[in-house]
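Colleague: starting from these lines, generate the structure:
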Amino acid sequence: MSDTRPTILWLRRDLRLADHPALVAACKIGDPVIPVFIHDDSVARLGAAPKWRLGLSLAEMGRALAGKGSRLILRRGDPLTVLRAVVAETGAGAVRWSRLYDPQSIARDKAVKSALRDEGVDAQSHAGHLMFEPWTVETKTGGYYKVYSPMWRAVKDRDVAVPLPAPSNLPAPDRWPDSDRLEDWNMAAAMRRGAAICGPYQRVGEAAAMDRLHEFTSDAIRDYKEDRNRPGVDGTSSLSENLALGEISPRQCWHAGQRALHEGAKGAETWLKELVWREFAYHLMYHTPHILHDNWRREWSAFPWNEDGDAPQVLAWKRGRTGVPFVDAAMREMYVTGRMHNRARMIVASYLTKHLMTHWRIGLDWFADCLTDWDIAANAMGWQWAAGCGPDAAPYFRVFNPETQLDKFDPKRVYANRWIAEGQPEPPETALSYFAAIPKHWDLDASDKYPAPLVNLAEGRNRALAAYSDRDF
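Modeller: From the prediction side, this is the model:
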């Protein structure tokens, strides 16, 4: 063994080389760097689509590291046990990683840091997944923000550090520790036949993310304020899958958006606000972690939601067979692409929680299984916002009408026709792909008759409002 003591870079949701503070810190030590990804319980718990998408990202990260003369070491098990083993095998003297902010990750990382330090290993965590660490953003009275708009005003003029360049080289150890084979992890197992359908819609890895950012800020960002609400138009950045896995950093996005704003792109400020909306989700998760599993507004605990995820109406919602074109098109888009347009997410969430009076946790869990851009904080806040029990100053009387929303944002039915085959004499491949992606036991076919609506929209809205009026919200 050489005199050098390698540094372990523990990778999680930071699968990139540029603007990677933990990686830069590891390289600054001056000794060899050993990148390690650990398949722990948090990975095992992932839903089908996000686990599969993570596997794609790990493969791409491995290729990127190989291009720098490095490699990605894969291990399965408890993180502390794995890190101790790699330290023993390599003589590593330090471990670096990027912070995560959900309560389970915080508890795990604190325990790992404490144990490693007690054993003489220099263990340190770094920022990188957010622009603003949650504890650094406070109201004038010293508390956390419960409403988005004041938080936006508080941070919009803050300096955001310039993104760090990727290291020119990564010093390799004399001898690499053993690694699992990614294919042996079988990350795509739960996707079954859906992986082949979803695959072409993924833009995986750091290079693809940076290309996507450049394309968006060079063109579509100009009309983003209007086009982001039009599901039939390619008007969004589609960077959510890349941000979720850290294939690109929010700082890189922020500075690109600022450049576009200064160059006169009128939609740039709206996009910057969306980046801060992501920060707001993490801010709330850090300060009020119950948002992940309980009503953020505690007074909603007795609201009479249906909690049967296998109820016929819920199954129809899951399968994109509600008889409401905006809802069904959105659900089918998710099965084919792994993502869903943001306006559509609001519509399907409102429909489930209000028109069908079904608990938001059922929708949250379903999205966590089906979205390739799943993000723990954004998913929780989005569902609670739509349901009315989350951070919203006017929660309960906002019941989206899927018909009028479609008339307003997809008047020519471009989006609806793209994803719903039934009733079209020559449905497009996108709509037909839904039937190739879904489980066979759903027993659905493009020749089936399109279903009648599950509920009358006006009656469903009135039922929800009546339930709200019976309680003091």
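Colleague: show me what contacts the residue nearest the centre of the chain?
Modeller: In the chain, the centroid-proximal residue (CA atoms, centre = their mean) is Asp375; its distance is 2.7 Å. Listed by CB atoms under 8 Å, 6 or more residues apart in numbering, the contact set of Asp375 reads Ser240, Leu243, Ala244, Arg278, Ala281. In short, each C-beta sits where N, CA and C put it, glycine included.
Colleague: quick one: mean pLDDT over stretch 74-91.
Modeller: On average, the pLDDT along stretch 74-91 is 98.
Colleague: ok, and the closest non-adjacent residue to Ala368?
Modeller: Gly47 (4.7 Å; CB to CB, 6 or more residues apart in numbering).
Colleague: tally of neighbours for Trp296?
Modeller: 20 (other CB atoms under 10 Å).
Colleague: hang on, I meant Glu138
Modeller: Neighbours of Glu138 (other CB under 10 Å): 13.
Colleague: confirm it sits in a strand?
Modeller: No: counting by DSSP: H, G, I helix; E, B strand; the rest coil, one finds Glu138 to be coil, located in no strand.
Colleague: wait, doesn't Arg398 sit right on Gly388?
Modeller: Yes: between Arg398 and Gly388 there is a contact under CB atoms under 8 Å: 7.4 Å.
Colleague: more crowded one of these two?
Modeller: Gly388 (24 against 13).
Colleague: quick check, pLDDT for the more buried one.
Modeller: 91.
Colleague: look up how far Leu182 lies from it.
Modeller: 42 Å (CB to CB, to the nearest Å).
Colleague: circling back to that earlier point, mind putting the contacts of Asp375 in JSON lines, neighbour count included?
Modeller: Listed next are the contacts of Asp375 as JSON lines, based on neighbours: other CB atoms under 10 Å:
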{"residue": "Ser240", "neighbour count": "19"}
{"residue": "Leu243", "neighbour count": "22"}
{"residue": "Ala244", "neighbour count": "23"}
{"residue": "Arg278", "neighbour count": "20"}
{"residue": "Ala281", "neighbour count": "24"}
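Colleague: which of those sits closest to Leu444?
Modeller: Closest approach between the contacts of Asp375 and Leu444, by CB to CB: Ser240, at 27.4 Å.
Colleague: for the stretch 51-200 of the chain, just list every one of the strands.
Modeller: Using DSSP state E, counting those that start in this stretch, the strands of the stretch 51-200 of the chain run over 73-76, 94-98, 122-126.
Colleague: dump those strands to JSON lines, plus distance to Val36 and mean neighbour count.
Modeller: JSON lines is the format used below for the strands of the stretch 51-200 of the chain (distance: least, CB to CB, whole Å; neighbours: other CB atoms under 10 Å):
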{"stretch": "strand 73-76", "distance to Val36": "5", "mean neighbour count": "19"}
{"stretch": "strand 94-98", "distance to Val36": "9", "mean neighbour count": "24"}
{"stretch": "strand 122-126", "distance to Val36": "13", "mean neighbour count": "17"}
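Colleague: tell me which of those strands lies nearest to Val414.
Modeller: strand 94-98 (39.5 Å).
Colleague: give me the helices and strands touching the closest one, please.
Modeller: strand 7-11, helix 21-28, helix 103-118, strand 122-126 (3 or more CB pairs under 8 Å, 6 or more residues apart in numbering; DSSP states H and E).
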